[in-house]
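# after the sequence you'll find the predicted model.
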Amino acid sequence: MATTPEYFSYDGNPSNPNGLTPFGIFDLESTFQTDGPKVANFVATRLGYPILDVELQDLQIYACFEEATIEYGKQVNQFRARDYMYNILGSSTSTDITQKNIIGAPLTQIVKLAKDYGTEALAGGDVELKRGYITTTGNVATYDLKSLWGDVSESGESLEIRKIYHEGTPALARYYDPFAATGLGITNLFAEFGFDGYSPAITFVMMPAYEDMLRVQAIEINDQIRKSIHTFTISNNILRLSPVPQTSFNLYFDYYVTSEKSATLIQSGSRNQFVSDLSNVPLEHLPYNNINSIGKVWIYKYTLALAKELLGTIRSKYERVPIPNSDIKMDGEVLRREAQQEKEMLVKELQETLTKAGYHEQMKLQAESVEHQVTIMNKVPLPIYVK
């Protein structure tokens, strides 16, 4: 039997852990208080007690128990932060996401992303697409949109011009021009009285829809080759029109106010108010009472590994204990190596489990499930219907 240092030894009667842990994070939780003595006896028994003396006290085992619980929460929270980071960037730091902001599906963030794309594609979004206009002047081709509109109507704000309404008459309007005398007869007559939108279907029996498409295309190609088509260039809010306007008219354009657009992407406020990176993600210690059996089993095993490492450190101080006519070699270094390997294996196992339970892996499993279901359905005989 190993010689026990005289100043401490596990006695098999652990007390309540309340007040005996270094940080006291979980001391007031009823389940932690109940499990504490059980975990102490479990660790001591696995280390050889009562056959062998265990040079540990219950408060040291409780320190390992608390550290194991903290480590479990740390691994879970690190995984959650990585898995949720895209969803929680810019959110408030005042709410613990582990308790109140559990994200069941990424649909909300997908919709938010779709709105951002909608803003750029002029198909919706969270930013108002505004419309303004300038009045052109005959024989003047260059106009400063910022001075003519931005400074006047948007208090000098920078504009992001998205569309200029500088186009010629649509080819379709000239196709149905009642004064073109192109020989379309009834169709021209309908257009003259405003009834061209109500043309009867029988018209397209003699003149199919592709005939309209060919004529429109011919008109547009004619404009490009034989005429000076309507075009423009814009740089730094300076608009240049072609052809040069010969008369005065209102030229409309769509635009975003740059500051309003950037406001949807930038949170205003101090760093402590919004999530900016991993360091200020609102994550608290996981309550021990809320940890399920899977997590508690991991904590028990990790506590044992920590206690074994601590015991190895203690025994390493007394590498050889003298006895009459001989000495006893302590197993401190062996315990420390085993404990280190066990800790690494437990952490790796937990990380792999958390990864497989994350969004990306679950979406892969759902995709595979759908593919298997399609394969199964393809094997089902299709019913034959007989009239």
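It's in. As the structure is a prediction and not an experimental result, all values here were calculated from the model.

# which parts of the helix or strand that contains Y210 are buried?
Following DSSP states H and E, one finds Y210 within helix 209-226. Neighbour-count burial for helix 209-226, counted by 16 or more other CB atoms under 10 Å, picks out 215, 219-220, 223. Every residue, glycine included, has its C-beta placed from N, CA and C.

# closest to A81 out of the residues you listed?
The shortest approach to A81 among the buried residues of helix 209-226 belongs to E220, at 55.4 Å (CB to CB).

# ok, the spatially closest residue to that closest one that is not a sequence neighbour to A218 distance?
Using CB to CB, 6 or more residues apart in numbering and skipping the chain neighbours, the partner closest in space to E220 is A171 (5.0 Å). Taking CB to CB, to the nearest Å as the criterion, A171 is separated from A218 by 8 Å.

# check T313 too.
Separation of T313 from A218 (CB to CB): 91 Å.

# and stretch 219-232, end to end?
Stretch 219-232 has an end-to-end distance of 21 Å (criterion: CA to CA, to the nearest Å).

# A helix includes F253, no?
No - the assignment for F253, made by DSSP: H, G, I helix; E, B strand; the rest coil, is strand rather than a helix.

# so it sits against T136, correct?
No - at 11.9 Å, F253 does not count as touching T136 under the criterion of CB atoms under 8 Å.

# wait, doesn't L159 sit right on V152?
No - applying CB under 8 Å as the test, L159 and V152 come out as separate, 11.5 Å apart.

# can you tell me the closest non-neighbouring residue to L148?
Computed as CB to CB, 6+ apart, the closest residue to L148 that is not its neighbour in sequence is I134, at 4.8 Å.

# who is that neighbour paired with across the strands?
Counting by DSSP bridges, I134 is bridged to L251.

# that one and S259, how far apart?
For I134, the distance to S259 - CB to CB - is 21 Å.

# the more surrounded of those two?
Between I134 and S259, counting by other CB atoms under 10 Å, I134 is the more crowded of the two (18 against 11).

# that one contacts V140, correct?
No - between I134 and V140 there is no contact under CB under 8 Å: 10.7 Å.

# which of L159 and V152 has more neighbours?
Per other CB under 10 Å, whichever of L159 and V152 has more neighbours is L159, with 20 against 12.

# who does the more buried one form a beta bridge with?
For L159, the beta-bridge partners are V257 (DSSP bridges).

# so who does it touch?
Residues near L159 by CB atoms under 8 Å, 6 or more residues apart in numbering: 145-146, 149-150, 237, 255-258.

# now render those residues as TSV, adding pLDDT, neighbour count and distance to E309.
Converted to TSV, the contacts of L159 look like this (pLDDT from 0 to 100; neighbours: other CB atoms under 10 Å; distance: CB to CB, whole Å):
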residue	pLDDT	neighbour count	distance to E309
L145	91	21	71
K146	88	17	69
W149	94	20	72
G150	91	21	68
N237	84	18	67
Y255	92	22	65
Y256	89	22	60
V257	90	18	61
T258	86	14	58
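
# where do the strands sit along the stretch 251-387 of the chain?
320-323, 326-329 (DSSP state E, counting those that start in this stretch).

# try the stretch 51-200 of the chain
130-135, 142-144, 159-164.

# now tabulate those in CSV and tack on distance to P22 and mean pLDDT.
Shown next, in CSV, are these (distance: least, CB to CB, whole Å; pLDDT from 0 to 100):
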stretch, distance to P22, mean pLDDT
strand 130-135, 60, 93
strand 142-144, 69, 94
strand 159-164, 57, 90
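
# if we compare these, which one ends up closest to A81?
Closest to A81 of the strands of the stretch 51-200 of the chain is strand 159-164 (CB to CB; 34.4 Å).

# buried set for the closest one?
Result for strand 159-164 [16+ other CB under 10 Å]: buried residues 159, 161, 164.

# rewinding a little: Serialize the buried residues of helix 209-226 to CSV and add fields for pLDDT.
As requested, those are exported to CSV (pLDDT from 0 to 100):
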residue, pLDDT
R215, 82
I219, 83
E220, 83
D223, 79
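
# reformat those as a markdown table; add distance to K115.
Listed next are the buried residues of helix 209-226 as a markdown table, based on distance: CB to CB, whole Å:
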| residue | distance to K115 |
| --- | --- |
| R215 | 40 |
| I219 | 38 |
| E220 | 34 |
| D223 | 37 |
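
# next up, the contacts around L56.
8-10, 43-44, 47, 307, 310-311, 314.

# mind putting the residues you listed in JSON lines, neighbour count and distance to P243 included?
Shown next, in JSON lines, are the contacts of L56 (neighbours: other CB atoms under 10 Å; distance: CB to CB, whole Å):
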{"residue": "F8", "neighbour count": "14", "distance to P243": "97"}
{"residue": "S9", "neighbour count": "14", "distance to P243": "100"}
{"residue": "Y10", "neighbour count": "25", "distance to P243": "97"}
{"residue": "V43", "neighbour count": "28", "distance to P243": "89"}
{"residue": "A44", "neighbour count": "23", "distance to P243": "94"}
{"residue": "L47", "neighbour count": "19", "distance to P243": "93"}
{"residue": "A307", "neighbour count": "29", "distance to P243": "87"}
{"residue": "L310", "neighbour count": "20", "distance to P243": "87"}
{"residue": "L311", "neighbour count": "27", "distance to P243": "91"}
{"residue": "I314", "neighbour count": "18", "distance to P243": "93"}
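
# just give me the closest of these to K115.
Taking CB to CB as the measure, K115 lies nearest A307 of the contacts of L56, at 52.9 Å.

# so the residue nearest to E220 sits against D212, correct?
No - using CB under 8 Å, A171 is not in contact with D212, being 10.1 Å away.

# also compute the angle for the next helix or strand after the helix holding Y210 relative to strand 250-257, please.
Moving toward the C-terminus from helix 209-226, the next helix or strand (DSSP H and E) is strand 231-235. On the basis of axes from the mean of the first three to the mean of the last three CA atoms, to 10 degrees, strand 231-235 is oriented at 40 degrees to strand 250-257.
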